[in-house]
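>>> give me a 3D structure for the following:
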Amino acid sequence: MEIELIDSGCLRIGDSMLSTHDLGELIAALAVARNQMEPPIALHWEPRQDVDSVADAAAKIGPIGGGRVMLAFSHPGFGWCCFDFGERGAAFLRDALVRHATGPAGPNLYAEIPNEPTPRH
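This next block holds a predicted model:
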């Protein structure tokens, strides 16, 4: 598949021309489709695994009702990536951020967020 950036507002994929808006909709549709495919994205990953990251991403956080908290990060290619957490998950994130921001992490350096059911939005 050939992909070419024509200008800052147009992308050619094969024989199709996509605007910034069209590309955003395609990315969102692909994410939905990927969520339904097998095998699923791994829930566990190895410490120090190679990943692409966004340094110092803009972030927003706030309550969304039902005792849940929304945490959103801005990604230059994916837009706002939003996640919601129940009380245990939010407390885990709070404690992990404080632990990592204030000095050497304790024994749970790569601890995982507690698995809680999450409503679909």
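>>> next, count neighbours for residue 87.
Residues within reach of residue 87, counting by other CB atoms under 10 Å, total 12. In this view, the C-beta of every residue, glycine as well, is placed from N, C-alpha and C.
>>> show the contacting residues for it.
Shown in contact with residue 87 (CB atoms under 8 Å, 6 or more residues apart in numbering): residue 67.
>>> and it, how far from residue 68?
8 Å (CB to CB, to the nearest Å).
>>> now residue 79
Residue 79 is 21 Å from residue 68, by CB to CB.
>>> more neighbours, the two?
Higher neighbour count among residue 79 and residue 68: residue 68, with 16 against 13, using other CB under 10 Å.
>>> what sits opposite the residue nearest in space to the middle of the chain in the beta ladder?
Nearest to the mean C-alpha position of the chain, by CA atoms, centre = their mean, lies residue 81 at 4.7 Å. When assigned by DSSP bridges, residue 81 has beta-bridge partners residue 73.
>>> how about the contacts made by it?
Applying CB under 8 Å, 6+ apart to residue 81 gives the contacts 72-75.
>>> surely residue 19 meets residue 8?
No: taking contacts as CB atoms under 8 Å, residue 19 lies outside contact range of residue 8: 10.9 Å.
>>> what about residue 74, neighbour count?
13.
>>> tell me how far the residue nearest to it when sequence neighbours are not counted lies from residue 20.
Take residue 74 and drop its neighbours on the chain: the residue closest to it by CB to CB, 6 or more residues apart in numbering is residue 58, 4.0 Å away. Using CB to CB, one gets 19 Å for the distance from residue 58 to residue 20.
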